[in-house]
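Participant: Predicted structure and sequence below. I'll ask about it afterward.
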Amino acid sequence: MTTALLIIDMQMGMADRIAQGRETVHPEAPERVAGLVALFRGRGLPVVHVLHHQPGTPFDRDLPGGAPMPCATPAPGETVFWKSGSSAFSGTGLDAHLRRQGIDRIVLVGAVAAFCITSTTRAASDLGFQVILPGDALLGFDLPAQDGGARLDAATVHRVTLAVLGADFATVVSADQVAGLLAA
């Protein structure tokens, strides 16, 4: 089984949200992502970056918010895809790239858990990839309630997101557990 680390949307626009005081779960996620990047690079395993590009927003690739966070800066030779939708597989060529590399299992980290991570996890599962999801290496934020009620806190949104994804689409673990799973 060949495993790749897939980093989604770890961009300065996310760091800016946190710096501006947006409620988040796992503010230490960037450090955990950096640790997983070091683990994969140290073992000679592929690291793939998918960044969000949306002109006219902080996630425009030509603006500071579109730049990768220091924890997820691509190294020379690492593959980088740009997406404009939610799933990293939609219109990017990611699926074909992973298959050409013989990758059948991905460790998925990044942002935002309830949005692009969810879309990418479901798509990966539907495409036949085994997905490992270190929940503490994901950024997640609070959300407004659909019914106009009080905001849903970041911890609740994150817990529900991981419960849904872990029920049918991914194996949810901690970042510390990934090294042991790579040997399996």
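Facilitator: The structure has been received and is ready for your questions.

Participant: C-alpha only now, for contacts and for neighbours.
Facilitator: OK.

Participant: Now do the phi/psi pair for the most centrally placed residue in the chain.
Facilitator: Note on the chain: the residue nearest the mean C-alpha position is Gly110, at 2.8 Å, using Cα atoms, centre = their mean. Per-residue torsions, Gly110: phi 130, psi -140 (degrees, to the nearest 10).

Participant: same deal with the one 4 residues further on?
Facilitator: The main-chain torsion angles of Ala114 are listed as degrees, to the nearest 10 and equal phi -80, psi -10.

Participant: Tell me which residues touch the residue lying closest to it once chain neighbours are set aside, please.
Facilitator: Once flanking residues are discounted, Ala114 sits nearest to Thr161: 5.8 Å by Cα to Cα, 6 or more residues apart in numbering. Neighbouring residues of Thr161 by Cα atoms under 8 Å, 6 or more residues apart in numbering: 113-114, 118.

Participant: Same question for Ile8.
Facilitator: 49-51, 88, 108-111, 116-117.

Participant: One more pass at 6 Å, please.
Facilitator: Neighbouring residues of Ile8 by Cα atoms under 6 Å, 6 or more residues apart in numbering: 50, 110-111.

Participant: If I look at Ala184, what pLDDT would I see?
Facilitator: What the model reports for Ala184 is a pLDDT of 69.
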